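Colleague: can't give you the sequence, but here's the structure:
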């Protein structure tokens with residue numbers, strides 16, 4: 001078992017760290033909210049640097065690129081030789097590649113490993129990790145990631161994990177809007193939601209946003225629609241990921257008109273004060289509720 005520094009133990013990082021504790025690792029934690037460290041069962045440290053001293057592996061789960069850059073500016077100079085760095089944050093590709101390059105300058109292996117699966121997947125250790133980094137770094141990270149997730153995919157070099165994450169979530173955001181529009185139209189036309197689900201879930205309209213996360217109550221009992229859109233993945237987080245995707249597309253010279261449209265719709269949802277709802281709650285806005 002290893003000594004692991006875990007920095008950022010919020011809604012996602014907390015349960016991920018708990019799974020590492022359950023696996024028998026010694027987890028040294030740091031979070032701006034001290035109670036999050038205790039809730040995860042980690043040993044509390046006063047700073048990121050303190051958590052990293054003596055650790056063999058560093059895992060970070062932070063809000064955005066500037067936070068990741070700042071934390072690794074603090075962490076890299078104190079990390080011991082041979083320390084493996086795993087950043088599970090969802091951030092911009094440029095920041096991921098910049099931090100990986102700095103880590104290389106310290107002769108440290110690093111992967112960017114953003115996740116899919118939400119808080120439910122974090123609790124159940126069934127997350128999907130999209131991993132960017134060298135083959136050697138991926139090989140070292142895989143056993144640790146396997147204790148927090150179920151599917152681990154090497155997406156390529158540094159930053160490619162982030163690229164995979166934002167492309168995937170752009171598809172997810174767009175498809176949720178499409179499903180919400182379809183079910184909203186069905187209601188107006190007098191078509192029962194269950195009937196539409198029974199037909200479309202077995203037809204060409206089938207997608208994850210419908211069959212796993214259906215935005216209307218009833219057809220999928222485990223979807224957030226059945227608990228007043230209490231989030232597994234908030235509209236705030238979806239908007240963040242769509243902004244990352246659209247910004248990356250602009251930088252790459254790639255048109256993403258549907259991604260931009262989805263971003264605008266989720267921005268309206270968030271600006272109306274509903275950013276804390278699950279992103280599938282976009283249907284309420286489309287229905288004018």
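Modeller: Okay, I see it. In this text the structure is predicted, and so the values were computed from the model without any measurement.

Colleague: the domain parsing of this protein - what is it?
Modeller: Listed domain ranges for the chain are 3-156, 163-286 (source: automatic domain parsing).

Colleague: Could you export those domains to a markdown table, including columns for mean pLDDT and mean neighbour count?
Modeller: For the C-beta atoms, the positions are set from N, CA and C on the backbone; glycine is no exception. Putting the domains of the chain into a markdown table (pLDDT from 0 to 100; neighbours: other C-beta atoms under 10 Å) gives the following:
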| stretch | mean pLDDT | mean neighbour count |
| --- | --- | --- |
| domain 3-156 | 96 | 20 |
| domain 163-286 | 97 | 18 |
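
Colleague: Can you tell me the element residue 29 falls in?
Modeller: strand 26-30 (DSSP states H and E).

Colleague: where exactly do the strands run in the stretch 51-200 of the chain?
Modeller: 57-60, 84-87, 109-112, 115-116, 127-132, 149-156 (DSSP state E, counting those that start in this stretch).

Colleague: Of the ones you listed, which is nearest residue 26?
Modeller: strand 57-60 (10.4 Å; C-beta to C-beta).

Colleague: what are the pairing partners of that closest one, and which direction each?
Modeller: Sheet pairing here is set by DSSP bridges, and for strand 57-60 it gives strand 3-7 (parallel), strand 84-87 (parallel).

Colleague: got a list of contacts for whichever helix or strand comes after the first one?
Modeller: Scanning forward in sequence from strand 3-7, with DSSP H and E defining helices and strands, the next element found is helix 13-22. Contacts to helix 13-22, defined as C-beta atoms under 8 Å, 6 or more residues apart in numbering, come from residues 4, 6-7, 9, 27, 29, 31, 36, 39-42, 59, 61, 88, 119, 122-123, 125, 127, 144, 147-148.

Colleague: Recalculate using a threshold of 7 Å.
Modeller: With contact meaning C-beta atoms under 7 Å, 6 or more residues apart in numbering, helix 13-22 is reached by 4, 6, 9, 27, 29, 36, 39-42, 61, 119, 122-123, 125, 147-148.

Colleague: same thing with stretch 79-95?
Modeller: Taking contacts as C-beta under 7 Å, 6+ apart, the residues outside stretch 79-95 that touch it are 52, 55-62, 64-65, 68-69, 99, 103, 106, 108-115, 140-141, 144, 159, 162-163, 165, 241, 244, 247-248.

Colleague: In helices, which of the residues you listed appear?
Modeller: When DSSP state H defines the helices, the subset of the contacts of stretch 79-95 inside them is 52, 65, 68-69, 99, 103, 140-141, 144, 162-163, 165, 241, 244, 247-248.

Colleague: right, and out of these, which lies closest to residue 276?
Modeller: Nearest to residue 276 among these, with distances taken as C-beta to C-beta, is residue 241, at 15.9 Å.

Colleague: Which residue, other than its chain neighbours, is closest to that closest one?
Modeller: Once flanking residues are discounted, residue 241 sits nearest to residue 169: 4.0 Å by C-beta to C-beta, 6 or more residues apart in numbering.

Colleague: For that neighbour, give its distance to residue 22.
Modeller: As defined by C-beta to C-beta, to the nearest Å, residue 169 lies at a distance of 28 Å from residue 22.

Colleague: for residue 60, same thing?
Modeller: Shown here: residue 60 relative to residue 22, a distance of 20 Å by C-beta to C-beta.

Colleague: do the same with residue 32
Modeller: 24 Å.

Colleague: ok, now residue 210?
Modeller: Using C-beta to C-beta, we find residue 210 at a distance of 34 Å from residue 22.
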